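S.K.: A structural model of the following input is requested.
(one chain, ligands or ions: 1)
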Amino acid sequence: MTQLNLLLPDARVVGDLEEGRDATVQALADLYAYPSPVPAQGWVRANVVSSLDGAATGPSGRSASVSNPTDRVVFSVMRGLADVILVGAGTARAERYRSASPKREFAERRAASDQLPAPALAVVTRSGHLPLPSLFAGPAPTCIITSASANVSALRNKFGSERVLVAGDEVVEPGLAVLQLAALGLRRILTEGGPTLLGPTVASGRLDELCLSWSPLMVAGTGPRVAHGLDGQLRLRPGHLLEADGALFGRWLVQRS
Ligand SMILES: NC(=O)c1ccc[n+]([C@@H]2O[C@H](COP(=O)([O-])OP(=O)(O)OC[C@H]3O[C@@H](n4cnc5c(N)ncnc54)[C@H](OP(=O)(O)O)[C@@H]3O)[C@@H](O)[C@H]2O)c1
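M.R.: From the prediction side, this is the model:
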């Protein structure tokens with residue numbers, strides 16, 4: 001039995017992933033629904049997982065070693081709701097990303113919201129070092145977001161000029177990247193990090209919410225935090241807090257002054 005308990009804002013059982021998986025996934029999709037209508041400039045959700053001692057990766061050097069089974073379900077629910085997954089190339093390489101495929105449980109919801117059957121993928125890179133045919137293999141579109149200082153013409157040759165967006169001069173500025181995605185109609189934006197991309201996203205002030213899973217683990221080691229790099233300060237308030245098997249799942253909304 002993997003019971004999901006809502007602790008905040010009110011206490012109730014959301015469902016059980018073993019005894020009523022479909023209904024529980026739909027209840028999670030309701031809890032994590034994007035605002036409706038989605039703002040024209042897009043809504044940016046970050047989804048990350050951490051150990052209790054704040055590590056974004058454990059002994060394997062990947063997020064799997066700080067994740068947990070319910071986190072994987074919540075992760076897929078968030079993908080099921082998004083128009084586009086925005087990710088840094090380091091994560092795409094380390095986690096061997098592939099373009100998302102349509103999932104039966106979100107088909108009705110996506111059709112009702114005029115969304116593509118699966119979220120698009122937007123990979124942030126200057127190097128273009130993405131030796132992953134799987135990034136471009138699925139039915140959903142994949143784009144490359146880079147900066148003017150990169151070798152843009154080489155990237156256009158490699159990936160196709162229609163796939164390459166330039167958002168920033170020296171490095172990719174997350175705020176500009178989000179504006180470009182929103183202009184393409186990809187307004188429900190889900191960033192899955194990694195830490196190098198999430199740092200400037202926080203600093204840019206362009207994040208709207210953070211979905212943070214805490215696995216009941218401590219891993220010590222030298223793994224990064226979920227965001228690093230540029231300094232930034234966002235104040236957030238809790239939207240909801242869920243618990244399952246000792247893992248906590250928080251949805252935090254950025255407070256605008
Ligand atoms: N716990 C979690 O929730 C979680 C989430 C995601 C990732 N991770 C873990 O984090 C690790 C990867 O971390 P990372 O910091 O290397 O990941 P990352 O942010 O995904 O990737 C860094 C790379 O992305 C590109 N990039 C990121 N921001 C950029 C910007 N503003 N402008 C231009 N390019 C930019 C660059 O790619 P190029 O080098 O190609 O130019 C850079 O080297 C992996 O071990 C992964 O498993 C954990």
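
S.K.: Report the contact partners of residue 131.
M.R.: Listed by CB atoms under 8 Å, 6 or more residues apart in numbering, the contact set of residue 131 reads residue 93. The C-beta positions use only the backbone N, C-alpha and C, and glycine is treated the same way.

S.K.: For residue 77, see how far away it is.
M.R.: 30 Å (CB to CB, to the nearest Å).

S.K.: same deal with residue 122?
M.R.: Taken as CB to CB, the span from residue 122 to residue 77 is 20 Å.

S.K.: Ok, residue 251 next?
M.R.: Residue 251 is 11 Å from residue 77, by CB to CB.

S.K.: what is in contact with these two at once?
M.R.: With CB under 8 Å, 6+ apart, residue 251 and residue 77 have common neighbours residue 32.

S.K.: In terms of neighbours, single out the busier of the two.
M.R.: Neighbour tally, residue 251 and residue 77, criterion other CB atoms under 10 Å: the higher count belongs to residue 77, 24 against 21.

S.K.: Quick check: the more buried one is in a strand.
M.R.: No: Residue 77 is assigned helix when assessed by DSSP: H, G, I helix; E, B strand; the rest coil, not a strand.

S.K.: if you skip the residues just before and after it, what's nearest to it?
M.R.: residue 28 (4.6 Å; CB to CB, 6 or more residues apart in numbering).

S.K.: count of neighbours near that neighbour?
M.R.: The burial count for residue 28: 24, using other CB under 10 Å.

S.K.: Flag every residue of this protein that's near the ligand.
M.R.: 48-49, 56-57, 61-63, 66, 87-91, 94-95, 124-127, 129, 147, 171-172, 192-197, 200, 226 (CB under 6 Å from any ligand atom).

S.K.: And stretch 50-61, end to end?
M.R.: 13 Å (CA to CA, to the nearest Å).

S.K.: Now do residue 226 against residue 62, distance only.
M.R.: Taken as CB to CB, the span from residue 226 to residue 62 is 14 Å.
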